[in-house]
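Colleague: Attaching a predicted model along with its sequence, questions to come.
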Amino acid sequence: MTELLTVGLISDTHGVHDEEVAALFRAECVQEIWHAGDVGHYGGHAEVLRPLTLVAPTLAVAGNVDSPAPPTSTPTTSTTPTTSPDTALPPTTSVPTDPHLPTDLLLERQGWRVLITHIVGSGSPPRVGPAAQEQIKRHEPDIVVYGHSHVACHCEVPGPQHPITYINPGSAGPARFKLQRTVALLRLPAKS
C-alpha cells in the first residue's frame, strides 16, 4: 500500500448529474467515488449514480431527501469491488438504480477508517450533532465524509482517541443559498 488512493467526493446533487463533474473525476483518475447523500430528490438516484459508476466504483448514502433503507444498529460496510489490500467487507449499493441507499457506510481504505454519512453538523469545524457524535464514538473513524449543509469544509479536530478529519465536499446539485457548486478530491496515502 504505497500508492495514493484517489477518491472523488460528492454530495447534495439533488437529482442533478453534471457531466463536468464526471469529466473532472475522470481527468483526476479517481479510483472510487463516495456520495455523501441527497443523491436524488425523493427519487432520481439512478440518473445521478449510473453515470458516476461509469467513471469509478461508486458508493452512496441516503440524505434527508433520499429514500433510506430500513435502519440498522450499525453502519453498512463496504470495500472496493476490485482486488484491494484493504479489509474485505461485504459490498453495498452495488446497483446504482436501488433507491434504498444505506444511511451510513463504514469503510476501511489504505488502513484508514472512514465514516460516510449525510448529516454531521454545520460550521467549520462542524458542530457535531448528538446522532453523529454517537456514531463517531462507536466507530472511531479517522475520516468523516458528510454533506447536508451545502458548504464545503475540510478540517481536522481532536477526537476521543485520535484526531478526526471532517470533509464536506459541498453541493454538486442546483446552486442554492448563493453558494458555489463544489466537489472534492481525497488523495489517501497508506496510513503509517
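Modeller: Okay, I see it.
Colleague: Tell me where the model's unsure across this structure.
Modeller: For the chain, applying pLDDT under 70 flags the ranges 1-2, 67-99.
Colleague: need the helices for it, in chain order.
Modeller: Using DSSP state H, the helices of the chain run over residues 19-27, 45-53, 130-139.
Colleague: okay, those, which one's buried deepest?
Modeller: Mean neighbours per residue, mean count of other CB atoms under 10 Å, is largest over the helices of the chain for helix 45-53, with a mean of 20. Where you see a C-beta, it was placed from the backbone N, CA and C, and this is true even at glycine.
Colleague: Quick check: which helices or strands does that one pack against?
Modeller: Helix 45-53 makes packing contacts with helix 19-27, strand 32-35, strand 58-60 when contacts are defined by 3 or more CB pairs under 8 Å, 6 or more residues apart in numbering; DSSP states H and E.
Colleague: got the contact list for the closest residue to Ala131 other than its chain neighbours?
Modeller: If the residues on either side of it in the chain are set aside, Ala131 comes closest to Ile119, at 7.4 Å by CB to CB, 6 or more residues apart in numbering. Residues near Ile119 by CB atoms under 8 Å, 6 or more residues apart in numbering: Gly37, Gly63, Asn64, Gly129, Ala131, Ala132, Tyr146, Gly147, His148.
Colleague: Swap in 7 Å and give it another go.
Modeller: Contacts for Ile119 (CB atoms under 7 Å, 6 or more residues apart in numbering) come out as Asn64, Gly129, Ala132, Tyr146, His148.
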